[in-house]
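*Asks:* take this sequence and fold it.
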Amino acid sequence: MTDHRSATALARPGRAILLGAISAMVAVAPPARGQTPPPAPTAPAAEATAPAPGAAAVPATTTSTETATTTVVTPAEERSHRELAGHLFLPSHLIQDPFSVTSFGSYFGVGVGEARGPELVDLGPPPVFAPDSKWYGYTGLAQQFSLDVRIIEYLSARLMLLAGAFQGTGSGSALVVGTNVRMVGDIELKGSLPLGKHVRLALSAGAAYGPVYNILILDGLVDVINQCRADPNCTISAGDFLKETDTVTWNATLSAAWAPFPFLGFMGNVQFLNPRSTGSTVVSQNGAKFAAAAEFDAKPLVSWLPLGVSLVYSIVTPVGSGGVTTTQNTGFGLFYTGRKDLALGIEIDRNQGRLESSLVSEATLAWVDFRYYW
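*Replies:* The predicted structure is shown next:
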């Protein structure tokens, strides 16, 4: 009995050794063809160990590396509402642009001119004048303010105020040319529509009102002499020398702008005019105004040269019998173009037409044009 138990006890260690050897042989043996080896056991993740007191904390490391990408976004340059195909159109008091903008403008002009009037050839009585035989000089100035409000993308409103005066200077000019003062207020509504990236059209309508005051000493003297010759009991009043006329002008304008290149732009206007003047008599007339402008901006070609050049021509011509007086203007301008929200420049204009007293006139004026957009 004792020998049997001892043999069994000795056999157990040998059996364990034999089973361990068989397991090791199976583990290292290559798998059979077409058989997928069993997955290797995954080692448990290492537990974070707390640092010893007083020791610096060491950040845990991982087997994957994260790469941070920083993208720098450059904001797009803001586009101006007076811009077409990269070209910034220049302002002028001689032509209307077709853009729907919010802006404030100031145009200040001074100039000199000549008017052709009658010349006294015989004191008489009665005095004898040779009509339209002598040129008389005069000087003048004007100030115009304009406010445009962009209501929506395709609709804007415009308010304009103008005040101007001129006076005869030189020998006999104060008598013949006299003194003229005028004020005008204008309000318009404009609808504007882009046609692609290079063309924009607009249609506007409005009305202007303003009084005109003329102090004509020579005309007054002639009227007084003629009245007193017919009636020895005639009376002389200030109204014989001061003439006041109130004028309401209705207008409708079609305007267009075209920019084939960022450095080149063109504008055009066709305008219908219907002034109605009330003074000693009531006169209603019809007329049309045609205007064209060409512009060149050097900045798109030479970045350090923000200089713009403009050439403008306009003509007002009568429509029908008894229409408005023909007037022509030619303007040349130099402008600063370094900022999209600012237009600043000088315009030189040549005007050919008639004064309110109907005298044939030619004048040259210099204008300082300022317009701020926002």
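*Asks:* only C-alpha atoms for contact and neighbour calcs from this point on.
*Replies:* Will do.
*Asks:* report the buried residues of the longest strand anywhere in the chain.
*Replies:* Ranked by residue count, the top strand of the chain under DSSP state E comes out as strand 128-152. Neighbour counts over strand 128-152 (16 or more other CA atoms under 10 Å) mark 135-150 as buried.
*Asks:* also stretch 296-312?
*Replies:* Buried, per 16+ other CA under 10 Å, within stretch 296-312: 296, 297, 298, 299, 300, 306, 307, 308, 309, 310, 311, 312.
*Asks:* pull up the pairing partners for the helix or strand encompassing the first one, direction included.
*Replies:* Per DSSP states H and E, residue 296 falls inside strand 287-297. Sheet partners assigned to strand 287-297 using DSSP bridges are listed as strand 264-278 (antiparallel), strand 307-318 (antiparallel).
*Asks:* for these, give me a markdown table that also has distance to residue 88.
*Replies:* Formatted as a markdown table, the strands paired with strand 287-297 follow (distance: least, CA to CA, whole Å):
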| stretch | distance to residue 88 |
| --- | --- |
| strand 264-278 | 8 |
| strand 307-318 | 9 |
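*Asks:* could you dump those into CSV with distance to residue 117 and mean pLDDT added?
*Replies:* Converted to CSV, those look like this (distance: least, CA to CA, whole Å; pLDDT from 0 to 100):
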stretch, distance to residue 117, mean pLDDT
strand 264-278, 23, 97
strand 307-318, 22, 98
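*Asks:* closest to residue 114 out of those?
*Replies:* Ranking those by proximity to residue 114 (CA to CA) places strand 307-318 first, at 19.4 Å.
*Asks:* elements contacting the next helix or strand after the closest one?
*Replies:* Next along the chain after strand 307-318, taking DSSP H and E as the criterion, comes strand 327-336. On a contact count with 3 or more CA pairs under 8 Å, 6 or more residues apart in numbering; DSSP states H and E, strand 327-336 meets strand 307-318, strand 342-354.
*Asks:* of all those strands, which one comes closest to residue 224?
*Replies:* Among the helices and strands packed on strand 327-336, strand 342-354 comes nearest to residue 224, with 24.6 Å by CA to CA.
*Asks:* need the contact list for the residue nearest in space to the middle of the chain.
*Replies:* The centroid of the chain falls nearest to residue 82 when counting by CA atoms, centre = their mean (4.0 Å). For residue 82, the contacting residues are 88, 89, 99, 100, 101, by CA atoms under 8 Å, 6 or more residues apart in numbering.
*Asks:* if you set the cut-off to 10 Å instead, what comes out?
*Replies:* The contact partners of residue 82, by CA atoms under 10 Å, 6 or more residues apart in numbering, come to 88-91, 97-102, 257, 340-341, 373.
*Asks:* over to residue 363?
*Replies:* Counted by CA under 10 Å, 6+ apart, residue 363 has contacts 111-115, 137-140, 329, 349-353.
*Asks:* closest to residue 283 among those?
*Replies:* Lowest distance from residue 283 to these (CA to CA) belongs to residue 353, with 19.0 Å.
*Asks:* that closest one and residue 359: what is the separation?
*Replies:* Going from residue 353 to residue 359 by CA to CA, to the nearest Å gives 9 Å.
*Asks:* any residues in contact with both of these two?
*Replies:* Residues touching both residue 353 and residue 359 (CA under 10 Å, 6+ apart) are residue 115.
*Asks:* ok, back up a step: can you redo the helices and strands packed on strand 327-336 as CSV with distance to residue 192?
*Replies:* Listed next are the helices and strands packed on strand 327-336 as CSV, based on distance: least, CA to CA, whole Å:
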stretch, distance to residue 192
strand 307-318, 22
strand 342-354, 21
